[in-house]
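Novice: what shape does this take:
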Amino acid sequence: MAYAVAMALCAGVVFGDLYYHDWAFDDEDYVDNAQVAQKDFSYVLSPDKAWAARPVVHLYFWAVYQIFGDEPGYYH
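Specialist: Residues are numbered from 1 along each chain as shown. Coordinates of the predicted model:
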């Protein structure tokens, strides 16, 4: 139990400020794809988009965009 608490504290210290970070190099492509997929869900699995070979990531970005929009903190 003490190990789990120590790991949680370490993770909080190391990753706690990720909420305030901006988009990384490929994140904007995923968010752009998520915006299009809001109107047409089939676009999530379409081969005609950036980074098309990663459908699980596109599903994640689609779902998070549904809830939080394009606020970068929630994606980290």
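Novice: which strands and helices lie in contact with the lowest-mean-pLDDT helix or strand in the chain?
Specialist: Lowest on mean pLDDT, DSSP states H and E among the helices and strands of the chain sits helix 27-39, with a mean of 90. With contacts taken as 3 or more Cβ pairs under 8 Å, 6 or more residues apart in numbering; DSSP states H and E, helix 27-39 sits against helix 55-68. C-betas here are computed from N, CA, C, even on glycine.
Novice: packing partners for the helix it packs on?
Specialist: Under the contact criterion of 3+ Cβ pairs under 8 Å, 6+ apart, helix 55-68 touches helix 27-39.
Novice: buried set for the helix it packs on?
Specialist: Using 16 or more other Cβ atoms under 10 Å as the test for burial, helix 27-39 gives 27, 30-31, 33-34, 37.
Novice: quick one on the thing from earlier: chain center to the least confident helix or strand of the chain, what's the gap?
Specialist: Relative to the centre of its chain, helix 27-39 is centred 11 Å away, using Cα atoms, centre = their mean, to the nearest Å.
Novice: run through who's touching that helix.
Specialist: With contact meaning Cβ atoms under 8 Å, 6 or more residues apart in numbering, helix 27-39 is reached by 23, 43-44, 49-51, 57-58, 61-62, 64-66, 70, 72, 75.
Novice: by how many degrees do it and helix 55-68 diverge?
Specialist: Here the directions of helix 27-39 and helix 55-68 differ by 70 degrees (axes from the mean of the first three to the mean of the last three Cα atoms, to 10 degrees).
Novice: from the contacts of helix 27-39, which two are the most distant?
Specialist: Comparing every pair within those by Cβ to Cβ identifies Tyr43 and Pro72 as the most remote, at 21.1 Å.
Novice: how close does Ala34 sit to Ala4?
Specialist: According to Cβ to Cβ, to the nearest Å, Ala34 stands 33 Å off from Ala4.
Novice: let me redo that: His76
Specialist: His76 is 22 Å from Ala4, by Cβ to Cβ.
Novice: more crowded one of the two?
Specialist: Set side by side, His76 and Ala4 show more neighbours around His76, with 14 against 8, by other Cβ atoms under 10 Å.
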